[in-house]
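Engineer: missing the sequence, but the structure's below:
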């Protein structure tokens, strides 16, 4: 098994995209989006069809794997690095990339991946600047991944000098993000204005060893934050109502005397709901459940409710270097989701076996 960083495979501001980076460079965009619905549905349809095609191909390749290939030891390649944050000197960027690659090493050291048989593992680390709109003092972010691909001894796999075989075709991924406050949400950057974006966050996330597990895009996402800190903030009822009232008021003003009675009625109800709240009530966290029969909000303890949250730019410590790792998310294909029948479960196993407390200890 070969690991480590490939010093001959470091890319700086690369324009070309290989198979690995096509998967790692996922779209960055809000759970509560204001983009046109037709655009979102088209994106979802195209993304979904592409993903299904890749997964179906991977499943087919694994189903046809011969016994000799299934027993063959797999190669774990060195990390391909792409350093894309021009704010950080190259030496510091390389050091941070090595630390992120060390997190991948922790996943590779789990029983599920320490001795791969029948599949090989490729790895990649991409360092990028913070998301658009974040303060310049924010640390570099990183996207890293392990790509598992089936071995086909008689179908294109090659053995290295140690007798470990390469994989062929496509396969599932174990993904890791570093210092990305948007990694908790489905479409973190989509929107038509510069206002802070509001997101939905379940009031009862699943839990693994005390760390929240979120489910979206047919993947399970484990969030490892700094001890005692949350990488988001709760949005208050007043903030939600102020935004809704402002949006409706703008529409009414734009329409002038042509505003429909129902539109004016909705605006009036929102204004009355805000006026009825005490100062303490206005400062309460906003929770919703998709229904407005009893007003805009619901009990935060209600089954199926979600908090309204926003990214908290103050989560990061400004006194620490731009290369400090302060937030990690790890994701694997969800159980029951369409995916590789044997490799996806192995990646889920690895995520379930990695020591999350040890990773958290690296964040402070």
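Structural biologist: Now that the structure is in, tell me what you want to look at. Remember, predicted model here, so these are calculated numbers, not experimental data.
Engineer: For the protein, which segments are assigned as strands?
Structural biologist: Using DSSP state E, the strands of the chain run over residues 5-12, 76-83, 119-128, 141-150, 173-178, 199-202, 206-208, 211-216, 219-225, 232-234, 287-288, 306-311, 327-333.
Engineer: where does this structure dip in pLDDT?
Structural biologist: Low-confidence segments of the chain (pLDDT under 70): 1-63, 190-192.
Engineer: Find the residue at the geometric middle of it.
Structural biologist: residue 183 (3.5 Å; C-alpha atoms, centre = their mean).
Engineer: That one is in contact with residue 328, isn't it?
Structural biologist: No. Using C-beta atoms under 8 Å, residue 183 is not in contact with residue 328, being 9.1 Å away. C-beta here means a position set from N, CA and C on the backbone, and glycine is covered the same way.
Engineer: tell me, what's touching those two both at once?
Structural biologist: Common contact partners of residue 183 and residue 328 (C-beta atoms under 8 Å, 6 or more residues apart in numbering): 177, 223.
Engineer: hmm, back to that, residues contacting the residue nearest to the centre of the chain?
Structural biologist: Going by C-beta under 8 Å, 6+ apart, residue 183 touches 177, 221, 223, 327, 329.
Engineer: And residue 312, how close does it get to residue 134?
Structural biologist: Using C-beta to C-beta, to the nearest Å, residue 312 is found at 11 Å from residue 134.
Engineer: er, residue 364 I mean
Structural biologist: 21 Å.
Engineer: Now do the helices in the protein.
Structural biologist: 19-24, 37-63, 67-71, 90-108, 237-255, 261-276, 279-282, 343-353, 356-360 (DSSP state H).
Engineer: highest average neighbour count across those?
Structural biologist: A comparison of the helices of the chain by mean neighbour count, using mean count of other C-beta atoms under 10 Å, puts helix 343-353 on top with a mean of 21.
Engineer: Give me the neighbour count for the closest residue to residue 140 other than its chain neighbours.
Structural biologist: Sequence neighbours aside, residue 85 is the residue nearest to residue 140 in space, at 4.5 Å (criterion: C-beta to C-beta, 6 or more residues apart in numbering). By the criterion of other C-beta atoms under 10 Å, residue 85 has 20 neighbours.
Engineer: closest one to residue 148 among the helices of the chain?
Structural biologist: helix 343-353 (4.6 Å; C-beta to C-beta).
Engineer: tell me the angle of that closest one relative to strand 119-128?
Structural biologist: Angle of helix 343-353 versus strand 119-128, following axes from the mean of the first three to the mean of the last three C-alpha atoms, to 10 degrees, is 60 degrees.
Engineer: helices or strands next to helix 343-353 in the packing?
Structural biologist: helix 90-108, strand 141-150, strand 173-178, strand 219-225, strand 327-333 (3 or more C-beta pairs under 8 Å, 6 or more residues apart in numbering; DSSP states H and E).
Engineer: Report the distance from that helix to the chain centre.
Structural biologist: Once both centres are worked out by C-alpha atoms, centre = their mean, to the nearest Å, helix 343-353 turns out to sit 17 Å from its chain's centre.
Engineer: Then stretch 330-346?
Structural biologist: 16 Å.
Engineer: now stretch 213-223
Structural biologist: 8 Å.
Engineer: Endpoints of that stretch, how far apart?
Structural biologist: 6 Å (C-alpha to C-alpha, to the nearest Å).
Engineer: Repeat that for stretch 313-329.
Structural biologist: The straight-line separation of the ends of stretch 313-329 (C-alpha to C-alpha) is 17 Å.
Engineer: before we move on, back to that, include distance to residue 268 and mean neighbour count when you put the strands of the chain into JSON lines, please.
Structural biologist: Output for the strands of the chain, formatted as JSON lines (distance: least, C-beta to C-beta, whole Å; neighbours: other C-beta atoms under 10 Å):
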{"stretch": "strand 5-12", "distance to residue 268": "57", "mean neighbour count": "13"}
{"stretch": "strand 76-83", "distance to residue 268": "53", "mean neighbour count": "22"}
{"stretch": "strand 119-128", "distance to residue 268": "46", "mean neighbour count": "24"}
{"stretch": "strand 141-150", "distance to residue 268": "44", "mean neighbour count": "25"}
{"stretch": "strand 173-178", "distance to residue 268": "43", "mean neighbour count": "26"}
{"stretch": "strand 199-202", "distance to residue 268": "26", "mean neighbour count": "18"}
{"stretch": "strand 206-208", "distance to residue 268": "40", "mean neighbour count": "12"}
{"stretch": "strand 211-216", "distance to residue 268": "35", "mean neighbour count": "17"}
{"stretch": "strand 219-225", "distance to residue 268": "40", "mean neighbour count": "21"}
{"stretch": "strand 232-234", "distance to residue 268": "27", "mean neighbour count": "17"}
{"stretch": "strand 287-288", "distance to residue 268": "20", "mean neighbour count": "21"}
{"stretch": "strand 306-311", "distance to residue 268": "22", "mean neighbour count": "20"}
{"stretch": "strand 327-333", "distance to residue 268": "42", "mean neighbour count": "24"}
